[in-house]
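Asks: what follows is a predicted structure for the sequence shown.
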Amino acid sequence: MGYKTILTVVSDEALAQSTVDHAAALAAGWDAHLDALCFGVDRTQTGYYYAGANAMILQETITRATSDAEKLAGVVRAALGKTDARWAVEEGVAQLADIGRHVAGRARFADLVVLPKPYGKEHGVELEPVTEGALFEGQTPVLVVPDSVTPTATPSRIVIGWNESNEALRAVRAALPLLKNADNVHVVVIDPPQHGPNRSDPGGALSQYLARHGVKTEIDVLSKTMPRVSDVLCRHVQDLDADMIVMGAYGHSRFREAILGGATRNMLEQAEVPVFLAH
């Protein structure tokens with residue numbers, strides 16, 4: 001099993017090159033088709049449309065978003081034209097409040113979505129709902145890539161953040177093609193429970209499952225010596241010089257809208273390597 005349909009979403013020209021390079025490297029490496037969706041984002045507050053806003057002002061925001069989408073599509077086509085990947089580019093306009101739904105509709109029919117980090121200096125506010133739409137409503141694994149990481153289709157050393165949750169297990173299963181091609185996979189367990197069926201062998205069942213798929217695994221049991229689990233995991237990634245993190249994506253619902261939970265948000269803020277997420 002591999003990845004045959006990869007989706008990337010571009011809404012910021014400054015992040016387009018890095019994101020597209022990662023997505024194209026994966027598409028070429030897995031002989032997959034890459035769909036690039038370029039959005040011009042209408043950032044007008046939703047309520048503004050119902051408050052008697054001048055029709056000319058509203059039309060201007062849509063015209064600007066349309067122009068942004070056309071420009072982004074041109075940039076992405078130029079970048080993909082230099083790659084070996086099979087690709088297609090689409091452009092569209094979405095309101096900030098509705099962009100997650102548009103992304104989810106396309107993500108449902110992809111094997112993997114490649115996106116930039118939703119947090120960081122000069123990263124647009126639309127990146128968070130784009131990530132949430134793919135993960136929660138689209139129910140598709142997402143690879144979140146930092147701006148300055150060299151693209152690769154086959155990371156050699158991968159860290160799994162393992163806590164026995166359904167989300168973490170789903171992320172591992174979705175990442176199996178990558179895990180099977182890695183040289184080393186570290187199953188990282190932080191402060192394992194002192195009670196329960198796996199207390200004497202934390203991470204053992206997962207390691208056995210992966211070994212039967214031909215994955216070379218090691219189990220690293222760590223203490224929570226820093227305030228947040230994400231701090232410990234990121235430091236361990238640096239110590240191992242790992243290329244990728246695989247972990248579950250956690251969130252909660254607010255008025256039927258899924259939002260990234262604190263642990264996931266912290267990891268995406270800190271990570272300096274690609275993060276493979278599934279919910």
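Replies: Received, thanks. Numbering: from 1, shown residues only.
Asks: quick check: phi and psi at the closest residue to residue 241 other than its chain neighbours.
Replies: Once flanking residues are discounted, residue 241 sits nearest to residue 157: 6.7 Å by CB to CB, 6 or more residues apart in numbering. In short, each C-beta sits where N, CA and C put it, glycine included. Per-residue torsions, residue 157: phi -130, psi 120 (degrees, to the nearest 10).
Asks: report the separation between residue 157 and residue 183.
Replies: Distance of residue 157 to residue 183, computed by CB to CB, to the nearest Å: 6 Å.
Asks: who's more crowded, these two?
Replies: residue 157 (16 against 11; other CB atoms under 10 Å).
Asks: you'd agree that one is up against residue 181?
Replies: No. The pair residue 157 and residue 181 fails to qualify as a contact (CB atoms under 8 Å) at a distance of 11.5 Å.
Asks: helix, strand, or coil at residue 27?
Replies: Under the three-state scheme (DSSP: H, G, I helix; E, B strand; the rest coil), residue 27 adopts helix.
Asks: residue contacts, residue 268?
Replies: By CB atoms under 8 Å, 6 or more residues apart in numbering, the contact list for residue 268 reads 117-119, 131, 144, 260, 275.
Asks: check the offset of the helix or strand encompassing it from the chain's centre.
Replies: Per DSSP states H and E: residue 268 is located in helix 262-270. Distance of helix 262-270 from its chain centroid, counting by CA atoms, centre = their mean, to the nearest Å, is 12 Å.
Asks: just the CA atoms of it, as CSV, please.
Replies: Extracted as CSV, the C-alpha positions of helix 262-270 are listed here (Å, rounded to 0.1, in the frame of the first residue of the first chain):
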residue,chain,number,x,y,z
GLY,A,262,-3.5,22.1,23.1
ALA,A,263,-1.1,19.2,22.7
THR,A,264,-1.4,19.1,18.9
ARG,A,265,-1.2,22.9,18.7
ASN,A,266,2.0,22.9,20.9
MET,A,267,3.6,20.3,18.7
LEU,A,268,2.8,22.2,15.5
GLU,A,269,4.1,25.4,16.9
GLN,A,270,7.4,23.9,18.0
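Asks: parallel or antiparallel, list what pairs with the helix or strand that it is followed by.
Replies: Once helix 262-270 ends, the next helix or strand along the chain (criterion: DSSP H and E) is strand 275-278. The strands beside strand 275-278 in its sheet (DSSP bridges) come out as strand 142-145 (antiparallel), strand 244-248 (parallel).
Asks: please identify the buried residues of strand 275-278?
Replies: Using 16 or more other CB atoms under 10 Å as the test for burial, strand 275-278 gives 275-278.
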